[in-house]
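Enquirer: give the three-dimensional model of this entry:
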Amino acid sequence: MYPQVFKTKAEFARELGFSVRTLYRRLNKFNYKLKRELLSPDEQKAIYGLLTLSREGNQGLDSGPSARLD
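Expert: Have a look, this model is predicted:
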């Protein structure tokens, strides 16, 4: 398990592989508002869970119809 530390939004976004702006945009889709303070370990888990669920739910949506030609 990783250490329980408070992080800035920039540190957390970088860990997830995107910018702070993208973090805000993705959370805005769920009406999740970030506070003007460091992210607690519990808040980090909640955000990670929210973003993970959204990714799993969209797996089949991005692929579109099969373009395979046999």
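Enquirer: next one: V20 from L39, what distance?
Expert: 11 Å (CB to CB, to the nearest Å). Quick note: C-beta positions are derived from backbone N, CA and C, even for glycine.
Enquirer: K7 contacts E43, correct?
Expert: No. Counting by CB atoms under 8 Å, K7 does not reach E43; the two are 9.4 Å apart.
Enquirer: and for those two, which residues touch both?
Expert: Common neighbours of K7 and E43, counting by CB atoms under 8 Å, 6 or more residues apart in numbering, are absent.
Enquirer: so for V20 and L39, which residue has more residues nearby?
Expert: The neighbour count for V20 versus L39, taken as other CB atoms under 10 Å, is higher for L39 (21 against 15).
Enquirer: let me see the ranges of the strands in the protein.
Expert: Assigned by DSSP state E, the chain shows no strands.
Enquirer: can you list the low-confidence ranges for it?
Expert: Filtered on pLDDT under 70, the chain yields the residue ranges 1-3, 57-70.
Enquirer: and the helix ranked longest in it, which residues are buried?
Expert: Counting residues, the longest helix found in the chain (DSSP state H) is helix 41-57. Neighbour counts over helix 41-57 (16 or more other CB atoms under 10 Å) mark 43-44, 47, 51 as buried.
Enquirer: what do you get for stretch 5-18?
Expert: For stretch 5-18, using 16+ other CB under 10 Å, the buried residues are 7, 9, 12-13.
Enquirer: L51 is in contact with R26, isn't it?
Expert: Yes. Look at L51 against R26 with CB under 8 Å: they come within range, at 6.1 Å.
Enquirer: residues contacting the residue nearest the centre of the chain?
Expert: Ranked by distance to the mean C-alpha position of the chain (CA atoms, centre = their mean), the top residue is L51 at 3.6 Å. L51 makes contact with 16, 26-27, according to CB under 8 Å, 6+ apart.
Enquirer: having no further points to raise, I will conclude here.
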